[in-house]
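**Student:** Turn this into a structure:
(2 chains)
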Amino acid sequence: MSKQDKRNREEITRRHMGLKASARISNTIIYIILILMSIVWLIPFVFILLQSFRVELKCPVGYVIPQQWGLDNYIALWTSDFKKWYLNTFIIALVTAALQTVIVLCMSYALSRFRFKLRKSLMRFLLILGMFPGMLTMIILYRVLKDLNLTQANALPGLILVYIASSGMGYYVSKGFFDTIPKSLDEAARIDGATRFQILRKIILPLAKPIVIYTVLTAFMGPWGDFVLARYVAFGTSSGYNVAVGMYSWLTNDQINNCYTMFCAGGVIVAIPVTILFLCLQRYYVEGVTGGAVKG
Amino acid sequence: MDKNKPLEYLMLSRWGKIKYNLKAFFISIPRGIANFFLKIGKAFRNFGRAVADDFTDLATTFTKGGIKTKLSFFIMGFGSIARGQILRGLVFLLFQAVFIFYMVTSGVYWLSMLPSLGKVGPREIYSEVLDTYHYEYNDNSFKILLYGVLTLFFIVAFLYTWRVNVRQNRIADEILAKGKKLKSGKDDLRSLVDDQFHKTLLALPLTGILVFTVLPIVFMILVAFTNYDGTHDGYINNLFGWQGLENFRTMLSWSSGEHNYSATFGEILTWTLIWAFFATFTNYFLGMFVAMMINKKGIRFKKGWRTILVLTIAIPQFISLLYVSKMFAKNGIVNGILMDLNLIKEALPFWEDPTWARVTVILINIWIGIPYLMLIATGILMNIPQDLYESSRIDGAGPVKQYTKITLPYMLFITGPYLLTQFTSNMNNFNVIYLLTGGGPTNPKNSWASGNVGDTDLLITWLFKITTGPEAQYYLASVIGILVFVVVAIISLIVYSLLPSIKNEEDFQ
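**Tutor:** All right, here's what the predicted structure looks like:
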């Protein structure tokens, strides 16, 4: 080995070590940032969990760790209207998830696979329609539901009706998914004499499992967080509330000092099942969100 | 790159290029507006021509058609039944029967009341037998407007169906003239799951959208031209009636009096745009950075980091947002901890001071929004060809250069439309604002305006506040809604015309 070669090799090793060291430093910085972020992201949830076990005071306080631990708040939940709200929300979510999925899939499949005369105009029209703030329509929907006697105590069917009726507007993500299934599959089946309906049932639906799960998941999670419409429709009648509306009433100025810890306990009870479901199906959610954003 | 840019463009400095593009954009605005109106004019002309063509077509169908065709003009489906397409004909006939029945029983009444929105309001009536007063309720403006619009929809649908029914005759005659057979009822039913399957699929979703979105929106647009509010609810209190452009004048014209709606509107609109801008772009860039950090080679527990962040998506927003809002309250945990650590002496005014509240809202929105962007960016970043980075490294590009020259352009190109929808949905981000601050702190300057306007109120939360309670001003809410639509539509138009390319949807198939 000549001197020149040796020097070269040393040079390369040194550079390599340098790169490695700088990579280590940057990775350490990244780890620090990620750990800090994780703390910030988890803190509210840890706090809410801790405070749900606080017994000594029911109002908001400036410290986190309870001085006296207990299940009082959970027991208080059990005796309040919370049970009813929880059941309401669960029924709404279940029915909405089922029906909304059917509607969204019908809509997106038709718009993705068929080329009919008014298709482009229809899509443009829906896009423009989506630019109106949906909140505006609540006023009239409320009065119509009231005439049909579907508000206050009967808010459940009314809410379900409103949730699913316009759900066709949210076809974008699943249409994007159907667009990615090659059309040649359809054409081959057509040549073999399958009807369009058979193609949907036998070929497309089995392939569309991820998007079906995504649609069910988002449709199921929507009603758990819906606040505005639910409050509008069930206003003033506790038996028609969903969890969001009911628990919001615990944090109003005249209630908060008696109900704050109960709110925390309720939050835990609501969050646990939804979160577990979400984390189990996370993969499909990520696929849907990513695909939807890419296709605009 | 634009092909009609001069060659000198390439020689400009970066700043020069930006200036050049901006100038080009502003120069193109008048032409764009002119084109827009020209397009509308053309659309009207085309529509007029189409209608005229249609009428001549109708006339020829009538004069040249046989007795079957002629009778179809008056009895829908007659031609189809006479030619043996019983099922099709019966559907037409049934539709006509329902339409006539509806119009006679109620449609005509609603239409006749539509111009006045009701003549006789509720009144007190003295009953001699009981020696008491009681209220008598008469016309219902709300129902008149609603069913009036519905009736108009129905008439349009009827005219369309009638036209289809007439056209059927001509098509059938042509098919018969060629010596082919007409479709039987069985064929029609079969085509509903085959050739015409999309009609079956779309029937239910579109009916829902029509009844629960289109009809309410048309109704609410019309409300902007009435005086419908809490004291004029159209039935129990007072009737409401048309009042032309009065509400738009109230909202948009500058008045020097103390009730200056246009100033309030301008303030809220400005904050709405500022909020949407920051909410969109802070999330976008920070989310992208987080995704890049987690994706970096050599970082472990990738799935774990993602799962922690994704928790904010999984947990319903009303829990996390309401809780966080209380955390930052004057007697909340954040102030409590900071005071325990002796970092501050007095509670920080997170929600009490306008500027503090606005900044806090944007910061908390980052907490909510980063996870979504992280997920999206992760998916896209993985699709960037790795050899681009390899070759740029060989050429001596550092991480910063790689980011500005490869990652960012790629991301922007792919997520351009998404950024736009994100911006407009942030403009209407009711949940974050309402659950965090409720629009507060109350702005004393605007406290006269109904709904207790606050410094973090967006147009959408203002709209919501106006529509609740006994002092609801539905007509103003409706004006605000229309203005929100106009703003969103203008922004969308501008952005779409600036985007490098509107992707052709067929490209994906």
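**Student:** wait, does stretch B:406-420 contact chain A?
**Tutor:** Yes. Contact between stretch B:406-420 and chain A, assessed by C-beta under 8 Å from any C-beta of the partner chain, occurs at B:414-418. Heads up, the C-betas are built off the backbone N, CA and C, glycines and all.
**Student:** Then stretch B:203-218?
**Tutor:** Yes. For stretch B:203-218, a contact with chain A is found by C-beta under 8 Å from any C-beta, at B:204-206, B:208-209, B:211-214, B:216-217.
**Student:** Residues contacting that stretch, please?
**Tutor:** Stretch B:203-218 has contacts (C-beta atoms under 8 Å, 6 or more residues apart in numbering or on different chains) with A:103-104, A:106-107, A:126, A:129, A:132, A:134, A:136-137, A:140-141, A:161-162, A:164-169, A:171, B:146, B:149-150, B:153.
**Student:** Using PDB, list the CA coordinates for it.
**Tutor:** Extracted as PDB, the C-alpha positions of stretch B:203-218 are listed here (Å, rounded to 0.1, in the frame of the first residue of the first chain):
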ATOM      1  CA  ALA B 203     -81.100   8.500  -6.500                       C
ATOM      2  CA  LEU B 204     -80.900   8.300  -2.800                       C
ATOM      3  CA  PRO B 205     -77.800  10.400  -2.100                       C
ATOM      4  CA  LEU B 206     -79.000  13.100  -4.400                       C
ATOM      5  CA  THR B 207     -82.500  13.200  -3.000                       C
ATOM      6  CA  GLY B 208     -81.000  13.700   0.400                       C
ATOM      7  CA  ILE B 209     -78.700  16.500  -0.800                       C
ATOM      8  CA  LEU B 210     -81.500  18.100  -2.600                       C
ATOM      9  CA  VAL B 211     -83.900  18.100   0.400                       C
ATOM     10  CA  PHE B 212     -81.400  18.700   3.200                       C
ATOM     11  CA  THR B 213     -78.800  20.900   1.600                       C
ATOM     12  CA  VAL B 214     -80.000  22.500  -1.600                       C
ATOM     13  CA  LEU B 215     -83.500  23.400  -0.400                       C
ATOM     14  CA  PRO B 216     -82.300  24.800   2.900                       C
ATOM     15  CA  ILE B 217     -79.600  26.900   1.200                       C
ATOM     16  CA  VAL B 218     -82.000  28.300  -1.300                       C
END
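**Student:** Flag every buried residue along stretch B:417-431.
**Tutor:** B:417-424, B:426-431 (16 or more other C-beta atoms under 10 Å in any protein chain shown).
**Student:** meant to ask about stretch B:164-179
**Tutor:** Under 16+ other C-beta under 10 Å, the buried positions of stretch B:164-179 are B:165-166, B:168-170, B:172-173.
**Student:** want to throw those residues into TSV with secondary structure, distance to B:S116 and pLDDT?
**Tutor:** Below are those laid out as TSV (DSSP: H, G, I helix; E, B strand; the rest coil; distance: C-beta to C-beta, whole Å; pLDDT from 0 to 100):
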residue	secondary structure	distance to B:S116	pLDDT
B:N165	helix	34	88
B:V166	helix	35	88
B:Q168	helix	39	85
B:N169	helix	41	85
B:R170	helix	42	84
B:A172	helix	45	86
B:D173	helix	47	85
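**Student:** would TSV of the residues you listed with distance to B:L388 be doable?
**Tutor:** As requested, those are exported to TSV (distance: C-beta to C-beta, whole Å):
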residue	distance to B:L388
B:N165	60
B:V166	61
B:Q168	59
B:N169	63
B:R170	60
B:A172	61
B:D173	63
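**Student:** and chain B, what are its domains?
**Tutor:** Following automatic domain parsing, chain B resolves into domains at B:1-62, B:65-244, B:261-504.
**Student:** Need the winner for burial among the ones you listed.
**Tutor:** domain B:261-504 (a mean of 18; mean count of other C-beta atoms under 10 Å in any protein chain shown).
**Student:** mean confidence score for it?
**Tutor:** Averaging pLDDT along domain B:261-504 yields 85.
**Student:** mind listing what B:I368 touches?
**Tutor:** Contacts of B:I368 were listed using C-beta under 8 Å, 6+ apart, and they are B:312, B:317, B:320-321, B:432.
**Student:** and the gap between it and chain A?
**Tutor:** Counting by C-beta to the nearest C-beta, to the nearest Å, the gap from B:I368 to chain A is 10 Å.
**Student:** Can you tell me how far that residue is from B:S325?
**Tutor:** 12 Å (C-beta to C-beta, to the nearest Å).
**Student:** Kindly report the same for A:L87.
**Tutor:** A:L87 is 27 Å from B:S325, by C-beta to C-beta.
**Student:** residue furthest from the geometric center of chain B?
**Tutor:** B:V129 (55.4 Å; C-alpha atoms, centre = their mean).
**Student:** secondary structure element for it?
**Tutor:** If you go by DSSP states H and E, B:V129 is not part of any helix or strand.
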